[in-house]
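Colleague: need coordinates for the following:
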Amino acid sequence: MASASRRNISFKTVDQLTLRGWFYPAGDKSPVVILSHGLTGLKEQYLDDFAARFQAAGFASLVYDNRNFGASDGHPRFEVDGFKQVEDYHDAITYVSTLSEVSADRIAIWGSSYSGGNVLQAAAVDRRIKAVIAQVPFVAGSSVPGLLDLMPLIIADRSRISEGAPGALMTVVADTLTDAQAGTAACVLPAEDAYRFFMQSETGPNAQWENKITLQSLFKLMKNEPRAYIERISPTPLFMVIAEDDTAVYVPTQMETFERAKEPKELLFLKGTGHFEPYSGDCFETNIEAQLKFLRTHLKD
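Modeller: Okay, the predicted model is just below:
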């Protein structure tokens, strides 16, 4: 859902990378929502739909590609570094606060899946954030099975990188639908719904998602525990979306994390729903209406 009024933007991070994306204005001094995608996702993969709906409801939106992906700078390419992605949210807030269309005291941050964990960490320490939406969030590297089994490969890869070689890459989803339906592919997200999301989502002529992630990304992921920050988010209002049939993140750990969050908090529990369904279709409509209600409550005048 492209918006006729969005414009291309770029901003610098504290370590002098340029991150690129879109700004969706919504009038003078409007509240704003800052969005970035999850594990290897690009802004063209449904984030434009969320941003356009926020804009139509009177909320400006800033959408950007994470470092090392899409239109944004950064190397190694295809490396997911959640710790640096959290830092980038702080820099996105600084940037958006300079825009004349934005009310700098009404900023929300939005994350989904891996970036859903990033926003929990960012909101725990940055009080410029007045509301946070964590959609099907990654909350615990320790809850992902099998990662420690990769340590011999990871350490060997680090040794090669130290000697000047490029880091090893692996696939994010299965290479074929048949492999995805079997659920046994040697990739990060072997389930069929992950394959369909990444391989069949429209990315447009100027973006091309690639089925690649560095092995070192998984080393960073296994050490990442966004749930450790959950009790520090209050008094910033928290909205969390949990999908009952999520196979990409562990639902009991998500639920336990939400229970430990302090008020104010709201939960949208989507029954019979998988990890990737809140991005589109009927589930998207239920999801976006609930998110807009939350934003109206906490960001509108």
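Colleague: so residue 189 sits against residue 180, correct?
Modeller: No - assessed by CB atoms under 8 Å, residue 189 is found out of contact with residue 180, at 9.2 Å. Every residue, glycine included, has its C-beta placed from N, CA and C.
Colleague: ok, residue 15 to residue 62 distance?
Modeller: As for residue 15, its distance to residue 62 is 19 Å (criterion: CB to CB, to the nearest Å).
Colleague: next one: residue 136
Modeller: Using CB to CB, which is the criterion applied here, residue 136 is 21 Å from residue 62.
Colleague: same drill for those two, tell me which one is more crowded.
Modeller: Per other CB atoms under 10 Å, whichever of residue 136 and residue 62 has more neighbours is residue 136, with 28 against 25.
Colleague: and the more buried one, what is it in contact with?
Modeller: With contacts taken as CB atoms under 8 Å, 6 or more residues apart in numbering, residue 136 has the following neighbours: 112, 113, 116, 241, 242, 243, 246, 248, 249, 254, 275, 278.
Colleague: so where do the helices sit in this protein?
Modeller: Taking DSSP state H as the criterion, the chain contains helices spanning 47-56, 82-96, 114-125, 151-162, 177-182, 192-200, 215-222, 251-260, 281-299.
Colleague: can you redo those helices as TSV with mean neighbour count and mean pLDDT?
Modeller: Conversion of those to TSV gives the following (neighbours: other CB atoms under 10 Å; pLDDT from 0 to 100):
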stretch	mean neighbour count	mean pLDDT
helix 47-56	22	98
helix 82-96	20	98
helix 114-125	26	98
helix 151-162	13	98
helix 177-182	15	94
helix 192-200	19	93
helix 215-222	20	97
helix 251-260	16	98
helix 281-299	17	98
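Colleague: which of the ones you listed sits closest to residue 271?
Modeller: Between residue 271 and the helices of the chain, the shortest gap by CB to CB is with helix 281-299, which sits at 10.5 Å.
Colleague: among the contacts of residue 136, which are in strands?
Modeller: Helix and strand membership here follows DSSP state E; of the contacts of residue 136, those in strands are 112, 241, 242, 243.
Colleague: greatest separation within these: which pair is it?
Modeller: Using CB to CB, the two most remote members of these are 112 and 242, lying 11.9 Å apart.
Colleague: looking at the two, which one has more neighbours?
Modeller: Between residue 112 and residue 242, residue 112 has the larger neighbour count (other CB under 10 Å), namely 29 against 21.
Colleague: skip the chain neighbours and tell me the closest residue to the more buried one.
Modeller: residue 135 (4.0 Å; CB to CB, 6 or more residues apart in numbering).
Colleague: how far away is the spatially most central residue of the chain from residue 156?
Modeller: Residue closest to the average C-alpha location in the chain (CA atoms, centre = their mean): residue 115, at 2.8 Å. Using CB to CB, one gets 29 Å for the distance from residue 115 to residue 156.
Colleague: now swap in residue 39 and tell me
Modeller: Here the distance between residue 39 and residue 156 works out to 23 Å (CB to CB).
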